[in-house]
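S.K.: need a structure here:
(one chain, ligands or ions: 1)
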Amino acid sequence: MTEPTGVSARRGPLRAGQRVQIKDAKGRLNTITLLPGGEFHSYQGVLRHDDLIGGFEGVVVENSAGQPYQVLRPLLNDFVLSMPRGATVVYPKDAAQIVQQADVFPGAVVVEAGVGSGALSMSLLRAVGDHGRLHSYERRPEFADVARANVEAFFGAEHPAWSVHLGDAQEEMPKVHEPGSVDRVVLDMLAPWECLDAVAEVLAPGGVWLNYVATATQLSRVAEAIRDSGRFTQVEANETLVRGWHLDGLAVRPDHRMVAHTGFLLTARRLASGEEALRLKKRSKVSEFKAEDVEAWQPADEARWTPEALGERPVTDKKARKAAKEARLMAARSRAAEQSVDAYGGRTPTGEQD
Ligand SMILES: C[S@@+](CC[C@H](N)C(=O)[O-])C[C@H]1O[C@@H](n2cnc3c(N)ncnc32)[C@H](O)[C@@H]1O
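M.R.: Numbering: from 1, shown residues only. Here you go, the predicted model:
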């Protein structure tokens, strides 16, 4: 049986082209790509990549000045936070919840938009596996380039379950998928309500639609749009706060700092066509409100829902192209590392040039 995509990049001896994290005795962390003849310079001396290539992770190696470094492969969480970025990435704590709350299963057909830097795509690809399908939609070609290269760098090869489609998700989705043929839809974009009709068309009855949004105004707008459509049920929202702990002898306490806000998750289930959502007997305590109250909170004028108005920093095409170039270099090295496994049965020929 062949191994699932990406497994050989995560175990066995370290190979040229792979990324490793090195931590010094002061806890300073650097992520480097191993290159034959390569060197990592610090004011404390020089660490030779050749001393790491062909060896295992989890070891401590010394540089030219005898300074020790702990060597480990980055986990998916680390990789995502250190890879080149075009758009803002979904944080690992949220990616984990997205996979769970959207109920993404091996073999599932999943639609994702936008693809951004490809961070969430990696978690979704791991969850659907080689026999599932992930269709990722992105309107900005430079971001799609960053994402493709990041995903290839992470898995060490193109992922067989992945297709990237350029264009607006709401327009492209119904052209690509048969009605009711998609198991799960995951949207991380500014205006997910614009995709409502497309999602309702392609999602299978009972299928999960998950939205990841950064602000309460977006959350409210997409929730109301989904409810008003009458085509979904079980509209639920939450956010995830992860508080790290400091562990040092008797000083065991929460960390002083944490990432307090990233985004909200909102899920809904697709009803079968023509079905109405079950009305709960419990009386709703929702207060009366006027159209102008909603207008103040959720302006109907689409032009007002700009990235700047929602507190997002715009990413220029130039910055995105630079990130794509960096990511492509990482992908080429990672692919070469993977090919060296195929050719040498898992052993890395040392001294080989990139
Ligand atoms: C925050 S980023 C996504 C980040 C991504 N989930 C990740 O983890 O790397 C939002 C992306 O959605 C794209 N986008 C926004 N609206 C879109 C639409 N209607 N169709 C396709 N892509 C869209 C933007 O260009 C941007 O790349």
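
S.K.: I figured residue 54 hits residue 12, correct?
M.R.: No: with contact defined as Cβ atoms under 8 Å, residue 54 does not count as touching residue 12 (10.3 Å). Glycine gets a C-beta too; all of them are placed from N, C-alpha and C.

S.K.: Which helix or strand contains residue 20?
M.R.: Applying DSSP states H and E as the criterion places residue 20 in strand 19-24.

S.K.: For the next helix or strand after that strand, give me every contacting residue.
M.R.: Counting by DSSP H and E, the element after strand 19-24 in chain order, helix or strand, is strand 29-33. For strand 29-33, the surrounding residues in contact (Cβ atoms under 8 Å, 6 or more residues apart in numbering) are 17-23, 38, 40, 49, 74, 78, 82, 330, 333.

S.K.: Please point out which parts of strand 29-33 sit buried.
M.R.: Of all the residues in strand 29-33, those buried under the rule 16 or more other Cβ atoms under 10 Å are 32, 33.

S.K.: Could I get the CA-only coordinates of that strand as CSV?
M.R.: The C-alpha trace of strand 29-33 is given here as CSV (Å, rounded to 0.1, in the frame of the first residue of the first chain):
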residue,chain,number,x,y,z
LEU,A,29,13.5,29.7,17.4
ASN,A,30,14.5,29.8,13.7
THR,A,31,13.0,27.9,10.8
ILE,A,32,15.5,27.0,8.1
THR,A,33,15.4,25.0,4.8
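
S.K.: Just give the strands next to it in its sheet, each with its orientation.
M.R.: strand 19-24 (antiparallel) (DSSP bridges).

S.K.: Nearest spatial neighbour of residue 125, chain-adjacent residues omitted?
M.R.: Sequence neighbours aside, residue 159 is the residue nearest to residue 125 in space, at 5.1 Å (criterion: Cβ to Cβ, 6 or more residues apart in numbering).

S.K.: Identify the residues contacting that neighbour.
M.R.: 5, 6, 125, 130, 134, 151, 152.

S.K.: tally of neighbours for whatever residue of the stretch 201-350 of the chain ends up closest to the ligand?
M.R.: The stretch 201-350 of the chain approaches the ligand most closely through residue 212 (7.2 Å), counting by Cβ to the nearest ligand atom. Using other Cβ atoms under 10 Å, residue 212 is surrounded by 23 other residues.

S.K.: Same check on the one 5 residues further on?
M.R.: Residue neighbour count, defined by other Cβ under 10 Å, stands at 15 for residue 217.

S.K.: ditto for residue 19
M.R.: Neighbours of residue 19 (other Cβ under 10 Å): 22.

S.K.: The residue of the stretch 201-350 of the chain closest to the ligand should be in a strand, yeah?
M.R.: Yes: per DSSP: H, G, I helix; E, B strand; the rest coil, residue 212 lies within a strand segment.
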